[in-house]
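>>> Here is a sequence with its predicted model. Questions after.
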Amino acid sequence: MTDSPARDETPFRYTAAMARDIELAWQDRWEEAGTFEAPNPAGPWAEPEKVAGRGPKLVVLDMFPYPSGAGLHVGHPLGYIGTDVYARFHRMLGKNVLHCLGYDAFGLPAEQYAVQTGQHPRKTTEDNMVVMRRQLRRLGLGFDDRRSYATIDEDYFRWTQWIFLQIYNAWYDPDAVRPDGSRGAARPIETLAEAYASGRRPLNGELGGRAWADLSEAEQEAVLAEERLAYTSEAPVNWSPGLGTVLSNEEVTNEGLSERGNFPVFRRSLSQWMMRITAYADRLADDLDRVDWPEKVKIMQRNWIGRSQGARIHFPAARPEGPVADIEVFTTRPDTVFGATFMVLAPEHPLVDQLVPDGGWPDGTRPEWTGGATTPREAVAAYRRSASRKSEVERQMEGRDKTGVFVGVTARNPVNGDEIPVFVADYVLFGYGTGAIMGVPGQDPRDWEFATRFGLPIVRTVQPPAGHPDDEAYQGDGPSIASSNDEVDLNGLLIADAKERIVAWLEEQGFGRGTINYRLRDWLFSRQRYWGEPFPIVYDESGTAHALPDSMLPLALPEVPDYSPKTFDPHDSDSSPEPPLSRVPEWVEVELDLGDGHGVRTYRRETNTMPNWAGSCWYYLRYLDPANHETFCDPENERYWMAKHPHPVEGAPAGVTDPGGVDLYIGGVEHAVLHLLYARFWHKVLFDLGLVSSEEPFRKYFSQGMIQAYAYTDARGQYVPAEEVDETSGRHGEEPTFTWQGQPVNREYGKIGKSLKNVVSPDDMYDAYGADTFRVYEMSMGPLELGRPWETRAVVGSQRFLQRLWRNVIDETTGAVIVSDDAPDAATLTAMHRTIAGVREDYEHLRFNTAIAKLIELNNVLTKLDVAPRAVVEALVVMAAPVAPHIAEELWMRLGHEGGVTFVPFPQAEASLLVEETVTCVIQIKGKVRDRVEVAATIGEDELQSLVLAREKVVAATPDGVRTVIVRAPRLVNVVPV
């Protein structure tokens, strides 16, 4: 006789297997029913009746994800779960919620993989999206999947190219009046051409005096190009011959090498597409006051824009052969100009070539100024080569020795007539100010170091306080000294007054002017790569650029024989990029009729591609109307979803209006500068051109924290698989020890990454616990805005909460619903309403961890009862639905409800039940808890003291009387015996 297998006595227990079945079933139901589809007021998906039947609109979005080949790790879904909880909560409040997700699919990783394997980047990217979509669907996110797309979809990048052309065909008119009465806005380029044609705007420079109609097409285009918001220009870039491509600053190490491959990187000037974002610098800075963003992010944006008040001053320079040009500097300290004893130009400054004399060194040139070269031209050329190998970060590093060479000429200080030497030095960057500085060593530490290194005079122009070191620059305020000539005297004035006086004098004499400067540079918008949006631009035989007509969009990428750009000798700094698209002559050289009256002509296509920023600058707008083939977004849909609120954001200065935009936008702070800045620029151009009604893309931005994890390294410093590491607890307070395969390893804490071998996949969490448990754990780990450590072993706590919730409703043996229809007692009813009030507020303010704590507390109240009351259980299930939607749907259905829980109204708290009738007062004797007593919440101090002193334990503890009684009614009394 054989033993029969043990019978499972709890077949209806909420396990990972049951969670999987419940979750997959509900995900299928949501998809079949289109549960999360948000109706539009207009366009192809117009459902105005449904829109009218719902409450206010709400747009909740995550930052655009890139579909990585490694798939998601447990850190990635944090923000997605957060937005999903918020969106689900607001659907329960009756709002028309738009929540969706697309994919930022152009980019370097797919292209790198294509170079290595020969597989088309589209295939790689689409395969990665399949994996990511599966992982996100399994998480139960309530996305409107109709609205999902990728930037590589032709119907998407068609509109990316179209928007680029709107920017290209626009200029910034500083005199244009905006709707709020402010001045400065983008206008169609035709208005600029018309101003030239009518004579209202005269031609200047070499074309001065000529009529617009007399200019050739190429000449007219050259004039317009100077004002276009998208234009080509010679720009300093990071050129890596060994990689064959231009790199962003973030892709260059401090040592001046490429982050990928450690190839030398050189600063080169190359013709590139640029965006004139600097025209919007003031608006980008000022309008930060109108949005609800973390203050640290606003500061980051303002620092990147770098607006500073100062003056531009002209220093006349001359070669031995005669005058050359004025060297213009921007300084925030024009009051120190009397202390300028030398000048420095950035190595990339175009004026350097004009300044360097053809002969030898001038008389009196110090040997340390020459760099060991026999002529100025030789010295400058060698120094420029050396500087081109350094990154901007390296050039700006504190503490490095100052280097430079004398150009071979002097400039005249306009305030005192002194002839001061001109140098090139790499601590000055061409990308800031004018790319030239006046060296004032007495007031600037870097100038002090340079002057000391090269034996240059040091003149203080501000009196340092007593005790200031004699061998250091002084940067503080104080009375001006040594700052006067026959016409202006600054001596004795503090900085603010000295600035005002010297600027007035400079303007009066024609030596300079007060101005505002910006750190922000125009946006480099070209990449010498394949996997990006092609520019919808062609060039005629004269090199003049022409926009493709709308009928020729989208312009798709051709097939190429090789995805990698042409590489060169890593040290060949004179080489130039040859993008992959240049290898397809039949695509590059084309005959087209652009519909401009010229008929069929031969053109050359642009062979650079747009950066991946292009697709991520406007994707939130396409979500609003993704099926529309006539326009990027129906104006009515944009006005509805991006509508301006009736009141400005909290804390906004008086007088500002609401800008509109996405109601909640969540993403990591690593994208808080460039992505947000670039998107704001595109949006403001679209607003100026009347293509959108909102003035900002993201009204409220919330910066999520990062989930981090432990990683482990062996004796060689190599990472070992974190899941295979054994931990031994320390004794008597000692630190724990860690071993891998019997060998000790070191533990470190930081990012989650494949290279760190500490990746935990959401798939593993789904299998081991279920998606709802994973969601609850991620939301309960701490405040959403803070970083938090991942600890797989702690996930079981979230699972136990859901198991207890399930047991309070379902009998684990029979599967029957076990709630009671009896009314809850007073204490349970009060607990329920306090929970409703608290969870409502927490969900609204993204405090999901404290909301879950309150749900757990209420669930524990029910667990202590013999049978849970239906009224409380149903309220708890509805409140848990945003964070644990699958189990909530299942319990709601089993409780006898149809139609799902998604749109069930969120419970309302009754104010009368939120007042505490009694509280527990803790009684301490000499600071130690000795007793507790229930008292009225409104009890007074005298009454509470009398009550406590009469307690049996207090009487026994104070046989000799009481010295002091400290009363904190109604919760604490501390008695100190004699």
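Looks like it arrived, so ask away.
>>> If residue 744 is in a bridge, with which residues?
residue 739 (DSSP bridges).
>>> contacting residues for it?
For residue 744, the contacting residues are 715, 737, 738, by C-beta atoms under 8 Å, 6 or more residues apart in numbering. All C-beta spots, glycine's among them, are computed from the backbone N, C-alpha and C.
>>> Among these, which one has the most neighbours?
residue 738 (18 neighbours; other C-beta atoms under 10 Å).
>>> Now for it: which residues touch it?
Contacts of residue 738 (C-beta under 8 Å, 6+ apart): 712, 725, 726, 727, 728, 744, 745, 746, 747.
>>> Go again with 10 Å.
710, 712, 720, 722, 725, 726, 727, 728, 744, 745, 746, 747 (C-beta atoms under 10 Å, 6 or more residues apart in numbering).
>>> Excluding sequence neighbours, find me the nearest residue to residue 338.
residue 483 (4.2 Å; C-beta to C-beta, 6 or more residues apart in numbering).
>>> follow-up on the earlier one: which among the contacts of residue 744 gets closest to residue 81?
residue 738 (30.0 Å; C-beta to C-beta).
>>> ok, so of the contacts of residue 744, who is nearest residue 31?
residue 738 (44.0 Å).
>>> And the closest one, how close does it get to residue 746?
Between residue 738 and residue 746 the distance, using C-beta to C-beta, to the nearest Å, works out to 8 Å.
>>> One more: residue 71?
28 Å.
>>> Look at those two and report which has more neighbours.
residue 71 (17 against 12).
>>> give the contact list for that one.
Contacts of residue 71 (C-beta under 10 Å, 6+ apart): 128, 131, 132, 134, 135, 754, 759, 761, 762, 763.
>>> give me the element it is part of.
Using DSSP states H and E, residue 71 maps to neither a helix nor a strand.
>>> Now do the helices in the stretch 351-500 of the chain.
Assigned by DSSP state H, counting those that start in this stretch, the helices in the stretch 351-500 of the chain fall at 351-355, 376-388, 392-395, 445-454, 495-509.
>>> ignore the last one, the stretch 201-350 of the chain
217-225, 281-286, 295-305.
>>> then the first one to PDB, C-alphas only?
What follows is helix 217-225 as a C-alpha-only set of coordinates in PDB (Å, rounded to 0.1, in the frame of the first residue of the first chain):
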ATOM      1  CA  GLU A 217      18.900  83.400 -54.500                       C
ATOM      2  CA  ALA A 218      22.100  82.300 -52.800                       C
ATOM      3  CA  GLU A 219      22.800  85.800 -51.400                       C
ATOM      4  CA  GLN A 220      19.300  86.100 -50.100                       C
ATOM      5  CA  GLU A 221      19.500  82.700 -48.400                       C
ATOM      6  CA  ALA A 222      22.900  83.700 -46.900                       C
ATOM      7  CA  VAL A 223      21.200  86.700 -45.300                       C
ATOM      8  CA  LEU A 224      18.200  84.700 -44.000                       C
ATOM      9  CA  ALA A 225      20.500  82.000 -42.700                       C
END
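>>> List the buried residues for it?
The neighbour-count check on helix 217-225 (16 or more other C-beta atoms under 10 Å) flags 219, 220, 221, 223, 224, 225 as buried.
>>> what's the nearest residue to the last one if we skip its chain neighbours?
Right, the one you point to is residue 225. In space, residue 225 is closest to residue 231, 5.2 Å off (C-beta to C-beta, 6+ apart).
>>> rewinding a little: want to throw the helices of the stretch 351-500 of the chain into a markdown table with mean pLDDT and distance to residue 531?
Listed next are these as a markdown table, based on pLDDT from 0 to 100; distance: least, C-beta to C-beta, whole Å:
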| stretch | mean pLDDT | distance to residue 531 |
| --- | --- | --- |
| helix 351-355 | 93 | 37 |
| helix 376-388 | 92 | 28 |
| helix 392-395 | 68 | 26 |
| helix 445-454 | 95 | 41 |
| helix 495-509 | 96 | 50 |
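>>> so can I have TSV of those showing distance to residue 523 and mean neighbour count?
Listed next are the helices of the stretch 351-500 of the chain as TSV, based on distance: least, C-beta to C-beta, whole Å; neighbours: other C-beta atoms under 10 Å:
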stretch	distance to residue 523	mean neighbour count
helix 351-355	24	17
helix 376-388	22	19
helix 392-395	16	17
helix 445-454	28	19
helix 495-509	30	17
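>>> Could you point out which of these sits nearest residue 799?
That would be helix 392-395 among those, by C-beta to C-beta, at 46.3 Å.
>>> sorry, back to before: can I get the helices of the stretch 351-500 of the chain in a markdown table including distance to residue 931?
Formatted as a markdown table, the helices of the stretch 351-500 of the chain follow (distance: least, C-beta to C-beta, whole Å):
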| stretch | distance to residue 931 |
| --- | --- |
| helix 351-355 | 85 |
| helix 376-388 | 77 |
| helix 392-395 | 64 |
| helix 445-454 | 65 |
| helix 495-509 | 65 |
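>>> Give the residue spans of the stretch 701-850 of the chain that score low on pLDDT.
Low-confidence regions of the stretch 701-850 of the chain, defined by pLDDT under 70, span residues 730-733.
>>> now the strands: where do they sit in it?
701-704, 707-713, 719-720, 726-728, 737-740, 743-744, 746-750, 788-789 (DSSP state E, counting those that start in this stretch).
>>> Which elements pack onto the first one?
What that stands for is strand 701-704. helix 77-92, helix 295-305, strand 664-668 (3 or more C-beta pairs under 10 Å, 6 or more residues apart in numbering; DSSP states H and E).
>>> So for residue 817, which of these sits nearest?
Per C-beta to C-beta, nearest to residue 817 of the helices and strands packed on strand 701-704: helix 77-92, 22.4 Å.
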